[in-house]
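Enquirer: 3D, please:
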Amino acid sequence: MIDVHCHILPGIDDGSRNTEESKALISEEMNQGINTIIFTPHFYAQRDSVGHFLEKRANSFSRLQSAVQFDKIGLKPHLGAEVYYFGGIGKAEMVPELCVTGTDILLLEMPFGQWTKAVYEDVEQLVKKPSRRRKAYRFCRQKEKEAMPVPSFRRQRYPAWYGCP
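Expert: Sure, this is the predicted structure:
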């Protein structure tokens with residue numbers, strides 16, 4: 001089972017406060033059958049630069065990796081971000097750096113207030129980028145080749161986080 005959204009990286013956002021708390025959360029995830037985790041700390045463009053965020057995320061992951069030997073416990077970690085919508089995201093060139101590592105998948109947190117036409121158009125522009133669709137298609141085909149353990153009746157349907165067209 002895959003946890004596609006969590007705040008387990010230590011000390012980076014409003015999730016886990018330290019490595020010990022992160023270890024306890026990972027233990028509980030494994031008790032519940034999770035074998036893949038996508039770490040998705042919050043990214044707010046109005047508060048942080050992408051470079052600084054990526055450095056903080058890498059440092060936090062490194063601390064956790066030192067404390068939890070993922071391969072020995074059978075857990076596959078991936079890095080991503082929960083990106084809070086910001087005006088202009090559809091044209092932002094830094095978005096790929098915030099996708100789940102090695103994919104074209106972006107976890108986008110939408111505004112809590114009323115969505116304007118501009119918000120819809122911005123997100124539509126983000127989703128319709130040709131390079132995003134090509135990469136998503138390649139990613140899905142790669143996952144198909146890896147023969148992920150998906151029940152046969154669901155083989156043609158992918159979880160939404162795969163970003164498949």
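
Enquirer: select the longest helix from the protein.
Expert: As assigned by DSSP state H, the longest helix anywhere in the chain is helix 50-67.

Enquirer: buried stuff in it?
Expert: Residues Val50, Phe53, Leu54, Lys56, Arg57, Ser60, Phe61, Arg63, Leu64 are the ones in helix 50-67 that count as buried (16 or more other Cβ atoms under 10 Å). From N, CA and C alone the C-beta is placed, and that goes for glycine too.

Enquirer: is it correct that the first one is in contact with Leu98?
Expert: In this case it means Val50. Yes. Counting by Cβ atoms under 8 Å, Leu98 is a contact partner of Val50 at 6.8 Å.

Enquirer: how much space separates Pro77 from Thr36?
Expert: 8 Å (Cβ to Cβ, to the nearest Å).

Enquirer: correction: Phe70
Expert: Going from Phe70 to Thr36 by Cβ to Cβ gives 10 Å.

Enquirer: got it, and Asp3?
Expert: In terms of Cβ to Cβ, Asp3 sits 7 Å off from Thr36.

Enquirer: same deal with Asn18?
Expert: 23 Å.

Enquirer: which of the two has more neighbours?
Expert: Thr36 (15 against 11; other Cβ atoms under 10 Å).
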